Structure formats: structure tokens, C-alpha cells
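J.: Would you be able to build a 3D model of this:
(chains A and B)
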Amino acid sequence: DVVMTQSPLSLPVILGQPASISCKSSQSLVHSDGNTYLNWFQQRPGQSPRRLIYKVSNRDSGVPDRFSGSGSGTDFTLKISRVEAEDVGVYYCMQLTHWCTFGQGTRLEIK
Amino acid sequence: QVQLQESGPGLVKPSETLSLTCTVSGGSISSYYWNWIRQTPGKGLEWIGRFQNSGGTNYNPSLKSRVTISVSTSQVSLTLSSVTAADTALYYCARWDYGSGSPIWGPGTMVTVSS
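T.: Residues are numbered from 1 along each chain as shown, chains lettered A, B, ... in the order given. Modelled structure (predicted):
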């Protein structure tokens, strides 16, 4: 199984300040087709997860451009350039290269 | 607009079989990957398995011996046998692909395993 390890698990952030979440996989996420199937999801309180980023760095439709994804191989990062109140929730990385596994989640809160 | 709705018994006894249904409205079950995922406070999000028209079914190795996913015209069903308290979770049905198509998740259905 591919293990996805996120850090930090808790992220208090001041409104308007940047935030960064790391996700490391136990093996390379480069698929045999050349793509890297690393996604980022946001789960707001009481809601189902919503995808923000697919294939490392592609923003989904409707996702604010303050969200960005980067990385390669086994190391990936989600960045929020300026945190807003609506960003409160839990963020998960998820890989689809080797079936499917999720990170443990990072809880973002406003400090 | 495609919508997913999970349904099933909210309470299941230990050692029994859990059966859930995901009803798909506004679209057909073709092309995409149709998945079951569960969420617990302790283990977070856990992928259970998936169905895809051309690829058949695939399961999480840790659950494979107890899981079956089947599909009919507008429903994706999950059965999980020999349940224990560890199977208590919020169960989601979700549709996704490997590209730019936005995943669609149902609201989830809570299942408690208890006598």
C-alpha cells in the first residue's frame, strides 16, 4: 500500500497570511503513463470532500487562484497564498497512481 | 447535473453483512470510476473499492476479502460482510475520472455497527 503522510496535522493561520501543507508518499506517484495522479481535497465542516487540485498542480474549475499545488515524485505541497475565513476545514492529499489512498488530513483553523 | 445519494441501514449488528446503495440521478453509469469511500475520526478517509465499465471492480487489499461492489442501471451497491465495530463510519459514494472532470460525491450515509 502507498502511505500518504501529511504535515502538519493542525495548521492555525492568521487571516490574510499564507499557508502550506506537505504531503509525502511512500513510493513514487509517477504512473506508467507518465502522469502523476496526486490530488488535493478540501472538506469543510459538515460537507463532503471537494477536489481543489488534480495531477499535482491543476486547479479545478471554480477554485480560487490563491490555491496552488506543486511537487513531484514523492513530495508534494499545497499552498494558500492568503487564507480566508472560508478556507477553514480539513485538507487531504490523495493519490490515484496505485489504486487510491488518502493522507491523514490537515486541519486548518483561523488563529 | 449528476447527483449521488447513498442509502442503507444506519445500524448493523456485529458479524452481519452491511449493504449500501448509491443512487445515481441525472446521468448514466458509464465511463467514470464509481467508488466507495468511508470516513472515521480515527482513520480518516479510506478507499474501499471501485467499479468501472471497462475495468471491472477493484478493491482495497485490506478489505478485499469482505467487499463486493456491484452495479445496475442507476445504482452502485456495496456489501461488506462480517462487520465489526471498526466498520462504523460515514460511507460515501463518489464518481471520478483521472483527468479534469470534477469528482462528484454523495452526502454520505452513517453506519454504526453495534448489537
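
J.: Pull the number of nearby residues for the closest residue to A:V63 other than its chain neighbours.
T.: In space, A:V63 comes closest to A:L52 once its chain neighbours are excluded; the distance is 5.0 Å by CB to CB, 6 or more residues apart in numbering or on different chains. Any C-beta I mention is one placed from the backbone N, CA and C, and that applies to glycine too. Look at A:L52: counted by other CB atoms under 10 Å in any protein chain shown, it has 22 neighbours.

J.: From chain B, how far out is A:W99?
T.: Plainly put, A:W99 is 6 Å away from chain B if you go by CB to the nearest CB, to the nearest Å.

J.: In which helix or strand does that residue reside?
T.: Following DSSP states H and E, one finds A:W99 outside all helices and strands.

J.: Does it touch B:N58 like I think?
T.: Yes: contact criterion CB atoms under 8 Å: A:W99 and B:N58 qualify, at 6.5 Å.

J.: Now do the end-to-end distance for stretch B:106-115.
T.: Terminal residues of stretch B:106-115 are spaced 27 Å apart (CA to CA, to the nearest Å).

J.: Pull out the buried residues from that stretch.
T.: The neighbour-count check on stretch B:106-115 (16 or more other CB atoms under 10 Å in any protein chain shown) flags B:G106, B:G108, B:T109, B:V111, B:V113 as buried.

J.: tell me which of those is nearest to B:Y98?
T.: Comparing those against B:Y98 with CB to CB picks out B:G106 as the nearest, at 20.1 Å.

J.: Spatially nearest residue to that closest one (excluding sequence neighbours)?
T.: B:L4 (3.6 Å).

J.: returning to that earlier point: quick check, pLDDT for the residue nearest to A:V63.
T.: Looking at A:L52, its pLDDT reads 97.

J.: what's across from residue 38 in the sheet?
T.: In the absence of a named chain, this looks at chain A. A:Q95 (DSSP bridges).

J.: ah, I was thinking of chain B
T.: According to DSSP bridges, beta-bridge pairing links B:R38 with B:E46, B:Y91.

J.: looking only at pLDDT, what's the mean for the helix or strand harbouring B:T57?
T.: Taking DSSP H and E as the criterion, B:T57 maps to strand B:56-59. Strand B:56-59 carries an average pLDDT of 94.

J.: Tell me the buried residues in it?
T.: Quick answer for strand B:56-59 (16+ other CB under 10 Å): B:N58, B:Y59.

J.: just checking, what packs against that strand?
T.: strand B:44-52, strand B:67-71 (3 or more CB pairs under 8 Å, 6 or more residues apart in numbering or on different chains; DSSP states H and E).

J.: so what's A:I80 closest to, chain neighbours aside?
T.: A:I80 sits nearest to A:A19 (CB to CB, 6+ apart), 4.4 Å away.

J.: Check chain A and tell me which residue is nearest its centre.
T.: In chain A, the residue lying closest to the centroid (CA atoms, centre = their mean) is A:W40, at 3.4 Å.

J.: Please list all residues in contact with that one.
T.: Residues in contact with A:W40 (CB atoms under 8 Å, 6 or more residues apart in numbering or on different chains) are A:C23, A:R51, A:L52, A:I53, A:F67, A:G69, A:L78, A:Y91, A:Y92, A:C93, A:M94.

J.: Tell me which two in the residues you listed are the farthest apart.
T.: A:F67 and A:M94 (15.1 Å).

J.: Those two: which is more packed in?
T.: Using other CB under 10 Å, the more surrounded residue of A:F67 and A:M94 is A:M94, with 23 against 19.
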